[in-house]
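Asker: structure, please.
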Amino acid sequence: MNMKSTSQHMNWGALLPAYVILGGAALLALGGAQEISQNNGHPFGVALALFASAALFGVLAVLTWMNWRAARFRASRWGLYDQTGQKGGFLKGFLFGLLGVFVVHVVLFFAAFTPAAPEAVKAIASIALLPYAVLYTVVPIVTGYLTRFVRATRI
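Answerer: So this is what the prediction gives:
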């Protein structure tokens, strides 16, 4: 029987544009953090640029993990036994994502409006609360699809 390895099933053509675009943006953010630091910029700007770079590299890591997991599943289908992935899982992931966003929202709300909190904590928490309407839709949908993907590629 002709066994194929996981590396032979990797779809590098799908990952290459992500590496070029997101990797370039992550390196640009990393360079921006260094530039802000060299020009005596605000440390908060340096931290934001480093966070953006780490987030973009994190997205690249998740995409690579997803590609590897799908390749491993495809390779197992060529093996001795036929694999079929499990169905469903979107709603469970959606609800866990929604719960996670809600918990972080409550923590930020209390941090922003607690009288005993330092002013810097109040300011950062109140600014972090501004884009939360978007996170209530994006994060649960992404976690729902990731949970569905994990179930579909389970060996």
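Asker: pLDDT score for residue 24?
Answerer: The model reports residue 24 with a pLDDT of 94.
Asker: neighbours of it, how many?
Answerer: Residue 24: 11 surrounding residues under other C-beta atoms under 10 Å. Any C-beta I mention is one placed from the backbone N, CA and C, and that applies to glycine too.
Asker: for residue 66, give me its contacts.
Answerer: By C-beta atoms under 8 Å, 6 or more residues apart in numbering, the contact set of residue 66 is residue 149.
Asker: what's the distance between the spatially most central residue of the chain and residue 75?
Answerer: Centroid-nearest residue in the chain, with C-alpha atoms, centre = their mean: residue 59, separated by 4.8 Å. Distance of residue 59 to residue 75, computed by C-beta to C-beta, to the nearest Å: 25 Å.
Asker: equivalent analysis for residue 44, please.
Answerer: From residue 44 to residue 75 the distance is 46 Å (C-beta to C-beta).
Asker: more neighbours: which of these two?
Answerer: Each of residue 44 and residue 75 has its neighbours counted (other C-beta under 10 Å); residue 75 has more, 19 against 11.
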